[in-house]
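**Q** this one's structure only:
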């Protein structure tokens, strides 16, 4: 049985948060990991507890849900839950999974969370790759300052989000800071060789040495050529272990 999807509810009204909790009672395999009444508290909880999905209000006192997304240094799965329908276009411009109007329909919420489960570890199948998708032996052109460079995809050990950039960690121990976003890497990398293990990390499964369980819901992923392990949630650990079996 899959682990419950962990949800953070962000809304400045206590009754609204209670209503969302009530709607979640009818959703299987869903658990509330926490609540936040504002942007600062939400940002802190996302950083410390790494929820799978954030149910996010748009209009809060003196701030908006978009302010929260601007503060995060890595993408997070967001479902907007709001009484205002005029922000729907902007919500999808920031890659929100869904846009639900209050009062929340439990069936619509369940559908949105199902999409979140499917998207969590997914990279495109090789058969469904986009036209500009990489093959494992392809070369990626990268301009470092004024010096052009080619990086072979198979030489990437893992990719980490770094603000609006991504940092490639390579088999020779070198790193490369690129303007290619993590979501673009997710779309272009071959599914047979790469997996999302964290909202800010993609790993080359061919370069994984061991996976160890830590305290609570966290796991450590040890990759070749790196002393410090990478962090991974229990949900993503199960998907990765199935692939490495």
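**A** It's in. Keep in mind the model is a prediction, meaning the values are calculated, not measured.
**Q** how about the nearest residue to residue 158, chain neighbours excluded?
**A** residue 203 (4.4 Å; C-beta to C-beta, 6 or more residues apart in numbering). (Each C-beta comes from the backbone N, C-alpha and C, glycine too.)
**Q** residues near that neighbour, how many?
**A** The tally of other residues near residue 203 (other C-beta atoms under 10 Å) stands at 25.
**Q** which ones are touching the residue nearest in space to the middle of the chain?
**A** Nearest to the mean C-alpha position of the chain, counting by C-alpha atoms, centre = their mean, stands residue 199 at 3.0 Å. Counting by C-beta atoms under 8 Å, 6 or more residues apart in numbering, residue 199 touches 50, 74, 75, 76, 77, 161.
**Q** Pull up the per-residue confidence for the residue nearest to residue 158.
**A** Here, the pLDDT recorded for residue 203 equals 95.
**Q** Surely it forms part of a strand?
**A** Yes: under DSSP: H, G, I helix; E, B strand; the rest coil, residue 203 sits within a strand.
**Q** what ranges do the helices span in this structure?
**A** Per DSSP state H, the chain carries helices over the ranges 14-24, 39-49, 65-71, 88-93, 106-120, 182-188, 234-244.
**Q** of the ones you listed, which approaches residue 139 most closely?
**A** helix 182-188 (13.0 Å; C-beta to C-beta).
**Q** correct me, but residue 204 touches residue 196?
**A** No: judged on C-beta atoms under 8 Å, residue 204 makes no contact with residue 196 at a distance of 11.8 Å.
**Q** Bridge partners for the residue nearest to residue 158, pull those for me.
**A** residue 158, residue 195 (DSSP bridges).
**Q** List the contacts of it.
**A** 157, 158, 159, 194, 195, 197, 221, 223, 230, 240.
**Q** just the residues you listed now: which is nearest residue 18?
**A** residue 197 (33.6 Å).
**Q** pLDDT score assigned to that closest one?
**A** 88.
**Q** Tell me how many other residues crowd it.
**A** 25.
**Q** Over to residue 139?
**A** 13.
**Q** who touches the residue nearest to it when sequence neighbours are not counted in this structure?
**A** The spatially closest residue to residue 139, leaving aside those adjacent along the chain, is residue 150, at 4.4 Å (C-beta to C-beta, 6+ apart). By C-beta under 8 Å, 6+ apart, the residues touching residue 150 are 139, 140, 141, 142.
**Q** let's see 10 Å
**A** 138, 139, 140, 141, 142 (C-beta atoms under 10 Å, 6 or more residues apart in numbering).
**Q** okay, those in JSON lines with pLDDT and distance to residue 235 next?
**A** Supplementary listing: the contacts of residue 150 in JSON lines, determined by pLDDT from 0 to 100; distance: C-beta to C-beta, whole Å:
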{"residue": "138", "pLDDT": "89", "distance to residue 235": "30"}
{"residue": "139", "pLDDT": "85", "distance to residue 235": "33"}
{"residue": "140", "pLDDT": "88", "distance to residue 235": "29"}
{"residue": "141", "pLDDT": "83", "distance to residue 235": "34"}
{"residue": "142", "pLDDT": "78", "distance to residue 235": "32"}
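**Q** For PyMOL, what selects the buried ones among those residues?
**A** Burial among those is assessed by 16 or more other C-beta atoms under 10 Å; the matching PyMOL selection reads:
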select buried, resi 140+142
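**Q** Looking at the contacts of residue 150, which is nearest residue 185?
**A** residue 140 (9.7 Å).
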